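Trainee: here is my input; please provide its structure:
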Amino acid sequence: MRDNGYNVAMRRRISVFMSVLALLFLYTGLQVGRLAPALPSWAAWAATVAFYWVLMGWQALYRSNERAHDAPWFPAVAWSGAIATGLWATFMLLSLPVDLGESLRRIFLGGDGPTRGLTLALAGVACGTTAIGLGTALAGPGVREVIVPIDGLPQALEGLTIAQVSDLHVGPTIRAPYLQRMVDAIGKIAPDLIAVTGDLADGLPGRLDAQVAPLAGLRAPLGVYYVTGNHEYYWDAAGWIAKMAELGLTPLVNENRV
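Mentor: The predicted structure is shown next:
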C-alpha cells in the first residue's frame, strides 16, 4: 500500500524535528562540559542525558500512560520538567547567538572562543528570567484591557466588551484553582461576551473533567463561545467540543454567530 502525501509529509517533519533535537542535544552536552570543566567527559554527557529526560520524559509518560495522570507524584515531575524546559529554552536563546557571534569573531579576528565566565553569566540570566516567568505564572491570570477603535461602529455597539481567554493548556500544571481565579477575574469585569479561543487543554476530557469544571461559571449576556486550537486535536477534539457544550459554552465549529 502506497503512503499518501500526508504520511510522507508527517515523516519528513518528524525527521527534521529529531535531527534538530539531536543537534541541540549535542550542543547542550558541550555547554554542560563548558560549565563544569572538572567533570569527566562521560559524566558531562550522562548529566546531559539525565537533563533531557527531565525535559521530555514526563511528556512521554503523560502521553503514553493515562494512569500517570492521577498519580500523586506526577505533578511534581511535570512541574520539574516544565521549569527545566523554560530554563533550557531561555539559555539556548541566549547562548546560541552569542556562541555564533563569538565563533565568527574568532574566525575573522582571531582570539579565543567563548569563555566559561560568559557561559556562566548567560546561565545566570537564564535562571533569573525563568524565575521571573515562573513567578508571573504562579501569580495567576491577569486582565489586560485593549481598546479596539472601529470606524463606523453602530452606536448600539459602542463600549461593547469582550473577554478573550486563550491557551489555558489545562493539564499536569494548570489545574482547577487557576481556572477558578480566571473565572473570578472575568466575573469582576462583567464583559458583554466571552470568547475562549483554543488550546484549552493538554489531556483527555474524561481525565480533566474536574479541572475544567470552573469554566461552567463563565457568564456573559451575549454568550460564551469556544473554538478549538491545535492542542485539542492531540487530545480528542470532538470530546472537548462536547465537554464545553456540557459546561454551557457555545462551540463554534466552522461556523459563526452574529
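
Trainee: for residue 37, helix, strand, or coil?
Mentor: Recorded secondary structure, residue 37: coil (DSSP: H, G, I helix; E, B strand; the rest coil).

Trainee: I'd guessed it sits against residue 116; true?
Mentor: Yes: the criterion here is C-beta atoms under 8 Å, and residue 37 meets it with residue 116 at 6.6 Å. No exception for glycine: its C-beta is placed from N, CA and C like everyone else's.

Trainee: more neighbours: which of the two?
Mentor: residue 116 (12 against 8; other C-beta atoms under 10 Å).

Trainee: residues in contact with the more buried one?
Mentor: The neighbourhood of residue 116, defined by C-beta atoms under 8 Å, 6 or more residues apart in numbering, consists of 34-35, 37.

Trainee: so which of those is the closest to residue 73?
Mentor: residue 35 (29.0 Å; C-beta to C-beta).

Trainee: count the neighbours of the closest one for me.
Mentor: Look at residue 35: counted by other C-beta under 10 Å, it has 16 neighbours.

Trainee: relative to residue 204, how far out is it?
Mentor: 39 Å (C-beta to C-beta, to the nearest Å).

Trainee: now do residue 11
Mentor: Counting by C-beta to C-beta, the separation of residue 11 from residue 204 is 26 Å.

Trainee: which one's more surrounded, the two?
Mentor: residue 204 (17 against 11).

Trainee: can you tell me the SS state at that one?
Mentor: coil.

Trainee: buried residues in stretch 116-128, which are they?
Mentor: By 16 or more other C-beta atoms under 10 Å, the buried positions in stretch 116-128 come out as 119, 122-123, 126.

Trainee: do stretch 10-27 as well
Mentor: By neighbour count on 16+ other C-beta under 10 Å, the buried set for stretch 10-27 is residue 25.

Trainee: list the contacts of it.
Mentor: Identification of contacts with stretch 10-27 by C-beta under 8 Å, 6+ apart yields 3, 48, 52, 92, 96.
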